[in-house]
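1. Structure here, sequence nowhere to be found:
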């Protein structure tokens, strides 16, 4: 928490700027000559002064001017000052009020202070009156600033406590034996994963809880607790699974040591405390693992087609090489393998550009028929290898779409490639296009294995691959890249699938610039 200061109420010589703190003042005084003298004494000490000669007028000004300080006579024609004090305490608790009276009776002073006045002074209009007014107002100003500091500290403490309580990260304060002095809900959730539910908060001990799951981590913590070094920082990862069959949850745990108060006092009072922060890093670990798998898989997937290319080239260069028909087949195979390599590399590069926020599309009017023809040409040999029928249907041969040419080819290449990969031999992949309501709709449909309902919500996420297709080459980036390019066109992509019957992707492009 920040250290409270007087801020705008400071002046160069270190004195308080009471005029800034009390910029709006209500003076309740029935005697005109007294009011004039008091107003003169207040000049430069406070800001604007509003004068009320009666209690009734004072109540009106109290609500209309919202003063920051009230100076009130003890006796008024229509009521006494005690009633005004009671009203102020009820309507504006905490409003500084100074009672000014001609009475020097000590009992009057005691009575008004008990009624809620901040200070009391006798109206003796001598040469020191202005100085005494300044002194009393300065005293109230210091009390007001102290009150403001306390409110600020309390507000910051409450805000910090609320943030800690609601934080998704776990936080606990523990003593030198590992006993938990304080913990938020997130930490308590981890503790119960380690030790089960504990109904007596005073019996919770982090070392005991860790011992059941991770003896090494428990030993590390225990050694820190007996270490006298106040700057100790310990960080480690923790894997927790409630049952052997459950998927583990990974946590990062960090411990720091702190001394409360001065070191000598802490040593005497034994109030060394340790703060433990925990964070659920299960998703992070899964992503790191998947990224490693992607790099490994991509390297493996590149080796296959590159090896096939090299073998085909060697056979073609052999002086006793294959016959013409076989040579053409090998050339087609080289092209297909090269496209596979390019696709894998493009997916990785595109995903990186998207992550860096530098994916740029330059839409223009292009022929859908020409785009379809290019994609069919690229993937005809891949489809032929699996005896898959690769067809197109256009509602209008002259249909144009407003899109980035490389971007739309990337989209269709990903969808057609996936459709061929996941459609069994003898299947069919169909590209269709038609004009919609202020849109151009392009569809890629297959009669392959389909996608399970539970897998669909995450299909366009980065590094997503279906468990049943782990044996099929790919990075898990294709559909993520596809959707990102569609989004960059202000378009939409929709999935329809039936397990065992096939999958259809429907891409909608705006029919012109947006």
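-> Arrived safely, thanks for sending. Source: prediction; values computed, not measured.

2. Residue ranges in the stretch 351-500 of the chain under the pLDDT threshold?
-> 351-358, 462-476 (pLDDT under 70).

3. since we're on residue 178, how many residues are nearby?
-> 21 (other C-beta atoms under 10 Å). Quick note: C-beta positions are derived from backbone N, CA and C, even for glycine.

4. Apart from its neighbours in sequence, what residue is nearest it?
-> residue 207 (3.7 Å; C-beta to C-beta, 6 or more residues apart in numbering).

5. Also residue 428?
-> Nearest one to residue 428, counting by C-beta to C-beta, 6+ apart, is residue 389 at 4.4 Å.

6. Return the residues in contact with that neighbour.
-> 383, 427-429 (C-beta atoms under 8 Å, 6 or more residues apart in numbering).

7. what would the residues you listed look like in JSON lines with neighbour count?
-> Output for the contacts of residue 389, formatted as JSON lines (neighbours: other C-beta atoms under 10 Å):
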{"residue": "383", "neighbour count": "21"}
{"residue": "427", "neighbour count": "20"}
{"residue": "428", "neighbour count": "16"}
{"residue": "429", "neighbour count": "27"}
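
8. And those residues, which is closest to residue 287?
-> Nearest to residue 287 out of the contacts of residue 389 is residue 429 (C-beta to C-beta; 31.4 Å).

9. Check for me that that closest one belongs to a helix.
-> No - read with DSSP: H, G, I helix; E, B strand; the rest coil, residue 429 is strand and lies in no helix.

10. my guess is it contacts residue 388, does it?
-> Yes - Residue 429 is within contact range of residue 388, at 6.0 Å (criterion: C-beta atoms under 8 Å).

11. any residues in contact with both of those two?
-> In contact with both residue 429 and residue 388: 420, 423, using C-beta under 8 Å, 6+ apart.

12. sec struct for residue 257, please.
-> Assignment for residue 257 (three-state DSSP): strand.

13. Next, count neighbours for it.
-> For residue 257, using other C-beta under 10 Å, the count is 19.

14. ok, it to residue 175 distance?
-> 11 Å (C-beta to C-beta, to the nearest Å).

15. And for residue 360?
-> Counting by C-beta to C-beta, the gap from residue 360 to residue 175 is 57 Å.

16. and if you look at residue 51?
-> 60 Å.

17. quick one, which of those two is more surrounded?
-> residue 51 (18 against 15).

18. Show me the contact partners of the helix or strand harbouring that one.
-> According to DSSP states H and E, residue 51 maps onto strand 48-52. Under the contact criterion C-beta under 8 Å, 6+ apart, strand 48-52 has outside partners 23-29, 35, 39, 42, 58, 60-61, 65, 67.

19. In its sheet, which strands sit next to it, and in what direction?
-> Under the criterion DSSP bridges, strand 48-52 sits next to strand 24-28 (parallel) in its sheet.

20. Off-centre distance for the strand it pairs with?
-> 47 Å (C-alpha atoms, centre = their mean, to the nearest Å).

21. bridging residues for the residue lying closest to residue 201 once chain neighbours are set aside?
-> Spatial nearest neighbour of residue 201, excluding adjacent residues (C-beta to C-beta, 6+ apart): residue 180 at 7.4 Å. Beta-bridge partners for residue 180, by DSSP bridges, are residue 174.

22. hang on, residue 180 packs against residue 203?
-> No - taking contacts as C-beta under 8 Å, residue 180 lies outside contact range of residue 203: 9.3 Å.

23. which of these two has more neighbours?
-> Set residue 180 next to residue 203 and count neighbours by other C-beta under 10 Å: residue 180 wins out with 21 against 11.

24. mind checking the SS state of residue 361?
-> Going by three-state DSSP, the secondary structure assigned to residue 361 is coil.

25. Now do the phi/psi pair for it.
-> Reported as degrees, to the nearest 10, the phi and psi values for residue 361 are phi -120, psi 140.

26. Now that residue 411 has come up, it's in contact with residue 482, right?
-> Yes - using C-beta under 8 Å, residue 411 is in contact with residue 482, at 5.1 Å.

27. I figured residue 61 hits residue 26, correct?
-> Yes - with contact defined as C-beta under 8 Å, residue 61 reaches residue 26; the gap is 5.5 Å.

28. any shared contact partners between these two?
-> The contact sets of residue 61 and residue 26 overlap at 50, 52, 67 (C-beta under 8 Å, 6+ apart).

29. excluding its backbone neighbours, what's nearest the last one?
-> Looking back up the chat, that one is residue 67. Closest to residue 67 by C-beta to C-beta, 6+ apart is residue 26, at 3.9 Å.

30. Would you enumerate the residues in contact with the one you found?
-> By C-beta under 8 Å, 6+ apart, residue 26 lies in contact with 49-50, 52, 58, 61-62, 65, 67, 69-71.

31. Cool, thanks, talk later.
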